[in-house]
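In: From the sequence below, what's the structure:
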Amino acid sequence: MNKEGGDMSGKLSMFSVVSSIMVGILYFSMVTLFILVPAGENPVIDHHEQKVLLIVGHYLLAFIGFFGMAAVLAISKRLVDNPTDLHVFTKLIALIGFALMGINNFRQAGLDHDLSHEAVMKGGDVLDTVSISWAGLVELSPDGWIDFGGVGLWMFIFSLSTFRNEKFSKKLSILGLIAGSCLMITVLGNVIGFQPFVVAGIGIGGLTVIPLWFIFQGAGLYQLLKSKVDGA
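Out: Residues are numbered from 1 along each chain as shown. So this is what the prediction gives:
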């Protein structure tokens, strides 16, 4: 199912390598930042009192989306022999997910503080209404079905395919299976309101296996690109 190097490496560029590594670095930075932001009474108060930190967090997520689209395209090319419909489908879902993440967080970076500030200043019924409807007002994917779950599904299916192929690293494939599961568990935790799933998925996963998988994939892409240059 895979031909490491060869024709595939000729379609790569350093942008592909950098994009994958940047997703890993930005993911780790984003999770670390949100861990450091003290939880307030509700998201409206948080965005009013922690303006700078949360705006930075939204920009980190936005650029994860930007670089993530390029990473999905490049990493998916490592399965170059007749990818199945499932591979193509999950790749498209991951592209939509990263695009949604970018659009949503560029939007939130410019919207959240102004909305929360006005709500806090007016107080009373206005604050209560904005607090109750916050997710619907500012989130395009409140539970993360596409931007987290869709990306996680692609990582899981891709890693399952590479695990079955002896040409790929089994350790990296297992890392991808765990990382993809972490993202899907995050969505499940959001849907059923079970916080330990969210903590385990985006907290533990976002600090370890998810960043490492993207960084190691970037390193693998670099080796393929280097082999093409050396063989030229």
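
In: which ones are touching residue 29?
Out: Neighbour list for residue 29: residue 60 [criterion: CB atoms under 8 Å, 6 or more residues apart in numbering]. Every residue, glycine included, has its C-beta placed from N, CA and C.

In: nope, residue 59 is what I meant
Out: With CB under 8 Å, 6+ apart, residue 59 has these contacts: 105-106, 109.

In: export those to TSV and tack on secondary structure?
Out: As requested, the contacts of residue 59 are exported to TSV (DSSP: H, G, I helix; E, B strand; the rest coil):
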residue	secondary structure
105	helix
106	helix
109	helix
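
In: Neighbour-wise, give me the winner out of these.
Out: When neighbours are counted by other CB atoms under 10 Å, residue 105 leads the contacts of residue 59 with 25 neighbours.

In: Could I get the contacting residues of residue 205?
Out: 178-179, 182-183, 185-186.

In: after the least confident helix or strand in the chain by mean pLDDT comes which helix or strand?
Out: Lowest on mean pLDDT, DSSP states H and E among the helices and strands of the chain sits helix 6-9, with a mean of 45. Using DSSP states H and E, the helix or strand that follows helix 6-9 in sequence is helix 14-36.

In: Show me how far that next one is from its chain's centre.
Out: 9 Å (CA atoms, centre = their mean, to the nearest Å).

In: what do you get for stretch 217-228?
Out: Per CA atoms, centre = their mean, the centroid offset for stretch 217-228 relative to its chain is 22 Å.

In: Any buried residues in that stretch, and which?
Out: 217-218, 220-222, 224-225, 228 (16 or more other CB atoms under 10 Å).

In: Can you lay out these as CSV showing pLDDT, distance to residue 195 and secondary structure?
Out: Output for those, formatted as CSV (pLDDT from 0 to 100; distance: CB to CB, whole Å; DSSP: H, G, I helix; E, B strand; the rest coil):
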residue, pLDDT, distance to residue 195, secondary structure
217, 96, 30, helix
218, 95, 32, helix
220, 92, 35, helix
221, 92, 36, helix
222, 91, 38, helix
224, 86, 40, helix
225, 86, 42, helix
228, 70, 46, helix
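
In: Make CSV out of those and add distance to residue 196.
Out: Compiled in CSV, these are given as follows (distance: CB to CB, whole Å):
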residue, distance to residue 196
217, 28
218, 31
220, 33
221, 34
222, 37
224, 39
225, 41
228, 45
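
In: now, among the residues you listed, which is nearest to residue 53?
Out: residue 218 (27.2 Å; CB to CB).

In: Hmm, the closest one is touching residue 20, no?
Out: Yes. Using CB atoms under 8 Å, residue 218 is in contact with residue 20, at 3.5 Å.

In: Kindly provide the distance from residue 115 to residue 57.
Out: 16 Å (CB to CB, to the nearest Å).

In: how about low-confidence regions in this protein?
Out: 1-11, 38-42, 45-49, 80-82, 117, 126-127, 130-138, 229-232 (pLDDT under 70).

In: in it, which spans are helices?
Out: 6-9, 14-36, 43-49, 51-76, 85-122, 124-132, 134-138, 151-163, 170-192, 195-198, 205-207, 209-231 (DSSP state H).
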